[in-house]
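> Pasting the sequence and the predicted model now:
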Amino acid sequence: MALVFVAPAANAAPATTSTITWGACADQSLAAAGAECGTLSVPLNHSDPGGRKISLAVSRVKHKTTASKGTVVAVPDPLNGSGSGCQLSLLGARVPGGDAFDWVGFARRGVAPSSPAISCQPDYLGLNAPQHIPTSPAIEQQWLDKARGYAEACAAKNGELLDHMKSTDIAADVDLVRAALGADKVSLYAQAYGTYVAQVYSTLHPERVARMVLDDSIDPRRIWYYAANFDQNPPLQRNQDIWLKWLAEHDDVYHLGNTLDAVRQVWDEQLRRVTAQPAGGVFGQAEWINLFLYPAYTQQTWTLLGSAFSNWVHNGDAQLLIGLYGQFYLHPAAENMYGALTSLVCTDTAWPTNWNQWRADSWRTYAVAPDATWGNTWFNAPCLFWKAKPGKPVQIDGAKVDSALLVTESLSAVAPIEGSYEVRSRYPGARLLAVRDGVNFMNTLTGNACVDNQIAAYLATGELPARKPGRQADAVCAAAPAPVPPGA
C-alpha cells in the first residue's frame, strides 16, 4: 500500500510551551544516580493545543563535566524492559564519556507514571489462557472473544486517549520535551518501536536533531504493522533453534540431548505434555510458548530458561515455570505496557478487519515458524476489533538529517536487519553498525566495547565510519560470546 505523508498538527496553532519543575525522584534507581524528575503538561490532541492536557513523567541526569556537550533524549520502546522509560536517562552511565551530556528519559503517553496510564483488563495476560494453536473452531473462537473483549475494555476505560496514541503524537511530545528543556536541538537515542518515533520526528523536524542513534530500526515500509508481525515469525523460530542448539552444546549441564534434533524432540514432547495437562493446572501450551520464546529475543535469558526447561523435564517443577511466567508477564507494569503498545500499533495505520485473512496468513506462516506464529497473531488480535481511529504513516525521509548511527545485531528477530538497511537508504547521512551473528534485540550499551565505543565517539564528535556502497553495513562488530552456564 502507498504511504501518505501526514503531519496532523501542521496547521494548528503552536502549543504554549510548558516548563518542567524538577525535583527529587521517587524511583530509587533514579535517585541513586542523582537524577531529577518532573512532569510536563502536553495536549492530549496536538491538533487542539488549547484543549485537554495530559502529563508526561520526565527524568534527567545532568552532565558531570564543566560544560554540557548537549542533551540526549531517549525515546523508549513501549515494552522497553527499562521500567517506564524514565530509567533511560541512566543510559549515559554506560557510554564512555557519556557524563558530558544531559540524558533525558520520559514515560511515553499512556505509560505510568505518565498520566493517564492505559489500563484495559488487568488479568488479560494471565495464566490458563486458551492454547495458542487453534486446532478447532472452538479454540479459535475463544481467542477471538478474548481479543474482542480486550479491545472493548480498552475503549470503555480509556476513551479519547486511544485516538491519540500514534507515533505522530509521541513525536509531537518529543518536540515539547525539547522545547521545555530550552534546547534548539537535541540528540535522540531510540530503541525498537522508539526508532520509528525518531524517524517520524527527524522527518518532520530535521533542523532540531543534532545526532541520532537508532538501536534495532523498525522498517518504515512495514508500518502496516500487520505485515511486520508476520515478518518476525521465521527469524524468531530460527533464533529459538539457535538457543536449543546451545542447550545441546551444554548437555553436560542441561541433559536434554547433545544435538539440536534431540533437544527439539524433547521440546516438542514437553509442549504436547503441557497441552494435554497444563503444569500446575494453569501453565499450558500458550504459557509454554510465551515463556520459552524469550531466548529468541535475547541471550540474557538463555541460562535462566535453560535451567527451567531442564528442571521441568527432570523434576517436574511446575512452580518454577509458573513463577517465571509471573516475572515476565504478570509484574505490575506488564498490562499497562501491553495496553500502550497495542494502542500504538493498532492505530498507527489500519489493520485488516477480515479474520479470514488473518487465519490464512497465520497458517501459512505456521508452516515455517510453528512456535512463534500463533502467539504473535493472538498478541496482536485486539487490533482486529480496535475502536480508535487509525492514522496514516508519515513517509519517512531523512534527506535533511545531518547524520545518524544505526545499530543492530544481524540476527535480531523483532527488528530484522532489512529494516536497518531501509532506514539507511533513506538517510544519506546515516551509517549502519552491525553485530555479526548477534541474536539480541535492543542490545546497545550492554558491554560490547566495539559497539559502545563507536556510539560514544559519534555522540561526542560526530565521528562515523565511511559509508559503503549498496545495501550493507558500514562497520561490523563481533558478537559478544554466548553465555556459559553455571557448572559447564
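Sure thing, it's come through. Residues are numbered from 1 along each chain as shown.

> ok, Ser310 - contacts?
The contact partners of Ser310, taken as CB atoms under 8 Å, 6 or more residues apart in numbering, are 253-256. In this view, the C-beta of every residue, glycine as well, is placed from N, C-alpha and C.

> Distance check, it against Leu236.
22 Å (CB to CB, to the nearest Å).

> okay, and for the chain, where does confidence drop off?
Scanning the chain for pLDDT under 70 picks out the ranges 1-17, 79-83.

> and if we set it to 80?
1-18, 78-84, 224, 332, 443, 488 (pLDDT under 80).

> So which residue is dead centre in it?
Asp77 (4.1 Å; CA atoms, centre = their mean).

> contacting residues for that one?
By CB under 8 Å, 6+ apart, the neighbours of Asp77 are 191-194, 442.

> same thing but 6 Å
Asp77 makes contact with 191-194 under the criterion CB atoms under 6 Å, 6 or more residues apart in numbering.

> which one of those residues sits closest to Ala460?
Gln191 (20.2 Å; CB to CB).

> Which residues are in contact with the closest one?
Gln191 makes contact with 77, 215, 442, according to CB under 6 Å, 6+ apart.

> rerun that using 8 Å as the cut-off
74-77, 80, 215-216, 442, 444.

> how far away is it from Pro78?
In terms of CB to CB, Gln191 sits 10 Å off from Pro78.

> How about Leu411?
In terms of CB to CB, Leu411 sits 23 Å off from Pro78.

> Show me which of the two is the more surrounded one.
Shown here are Leu411 and Pro78; by other CB atoms under 10 Å, Pro78 has more neighbours (24 against 21).

> Look at the closest residue to the more buried one other than its chain neighbours and tell me its secondary structure.
In space, and not counting its chain neighbours, Pro78 is closest to Leu341: 3.9 Å by CB to CB, 6 or more residues apart in numbering. Following DSSP: H, G, I helix; E, B strand; the rest coil, the label given to Leu341 is helix.

> Would you mind confirming that Leu341 makes contact with Pro76?
No: Leu341 lies out of contact with Pro76 (CB atoms under 8 Å); the separation is 10.9 Å.

> Which one's more surrounded, those two?
Taking other CB under 10 Å, Leu341 and Pro76 do not tie; Pro76 has more neighbours (28 against 21).

> roughly how far apart are that one and Ile417?
Pro76 is 21 Å from Ile417, by CB to CB.

> about what we covered before: now the contacts of Gln191 in JSON lines, please, with extra columns for distance to Pro428 and secondary structure.
Listed next are those as JSON lines, based on distance: CB to CB, whole Å; DSSP: H, G, I helix; E, B strand; the rest coil:
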{"residue": "Ala74", "distance to Pro428": "25", "secondary structure": "strand"}
{"residue": "Val75", "distance to Pro428": "22", "secondary structure": "strand"}
{"residue": "Pro76", "distance to Pro428": "27", "secondary structure": "coil"}
{"residue": "Asp77", "distance to Pro428": "26", "secondary structure": "coil"}
{"residue": "Asn80", "distance to Pro428": "29", "secondary structure": "coil"}
{"residue": "Asp215", "distance to Pro428": "20", "secondary structure": "strand"}
{"residue": "Asp216", "distance to Pro428": "21", "secondary structure": "coil"}
{"residue": "Met442", "distance to Pro428": "25", "secondary structure": "coil"}
{"residue": "Thr444", "distance to Pro428": "22", "secondary structure": "coil"}
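
> Quick one: those as TSV, columns for distance to Val177 too.
Output for the contacts of Gln191, formatted as TSV (distance: CB to CB, whole Å):
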residue	distance to Val177
Ala74	10
Val75	10
Pro76	12
Asp77	17
Asn80	16
Asp215	19
Asp216	22
Met442	21
Thr444	21
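
> among these, which two are most distant?
Ala74 and Asp216 (14.0 Å).

> tell me the contacts of Pro113?
57, 84, 86, 107.

> Recalculate using a threshold of 7 Å.
57, 84, 107 (CB atoms under 7 Å, 6 or more residues apart in numbering).

> From Gln87, how far off is the last one?
Think Ala107. 9 Å.

> So the two - more neighbours on which side?
Neighbours were counted for Ala107 and for Gln87 using other CB under 10 Å; Ala107 has more, 26 against 21.

> Please name the spatially closest residue to the residue nearest to the centre of the chain (chain neighbours excluded).
The nearest residue in space to Asp77 (CB to CB, 6+ apart) is Ala192, at 3.8 Å.

> Am I right that Trp103 is in contact with Val61?
Yes: using CB atoms under 7 Å, Trp103 is in contact with Val61, at 4.8 Å.

> Now do the shared contacts for the two.
If you check Trp103 and Val61 against CB under 7 Å, 6+ apart, the residues they both contact are 89, 92.

> In the stretch 101-250 of the chain, mark out all the helices, start to finish.
137-158, 167-180, 193-204, 225-249 (DSSP state H, counting those that start in this stretch).

> In CSV, list these along with mean neighbour count and distance to Arg94.
Below are those laid out as CSV (neighbours: other CB atoms under 10 Å; distance: least, CB to CB, whole Å):
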stretch, mean neighbour count, distance to Arg94
helix 137-158, 16, 34
helix 167-180, 23, 21
helix 193-204, 27, 17
helix 225-249, 20, 24
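
> circling back: now the residue nearest to the centre of the chain: how far from Ala369?
22 Å.

> Ok, Ala93 next?
38 Å.

> higher neighbour count, these two?
Set Ala93 next to Ala369 and count neighbours by other CB under 10 Å: Ala369 wins out with 21 against 13.

> what about Ile54, which SS state?
strand.

> so it touches Pro116, yeah?
Yes: counting by CB under 7 Å, Ile54 does reach Pro116; the two are 6.5 Å apart.

> With neighbour numbers in mind, choose between the two.
For Ile54 versus Pro116, neighbours defined as other CB under 10 Å are more numerous around Ile54 (20 against 15).

> Can you name the residues that contact the more buried one?
42, 44, 109, 115-116.

> Kindly recompute the last result at 10 Å.
39-45, 109-110, 114-117, 161, 164, 173 (CB atoms under 10 Å, 6 or more residues apart in numbering).

> In strands, which of these fall?
39-43 (DSSP state E).

> Neighbour count and distance to Lys400 for these - can I get that in CSV?
Formatted as CSV, those follow (neighbours: other CB atoms under 10 Å; distance: CB to CB, whole Å):
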residue, neighbour count, distance to Lys400
Thr39, 20, 32
Leu40, 23, 27
Ser41, 15, 30
Val42, 22, 25
Pro43, 23, 26
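
> Output those residues in CSV; the columns should cover distance to Gly398.
Listed next are the ones in strands among the contacts of Ile54 as CSV, based on distance: CB to CB, whole Å:
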residue, distance to Gly398
Thr39, 31
Leu40, 27
Ser41, 30
Val42, 25
Pro43, 27
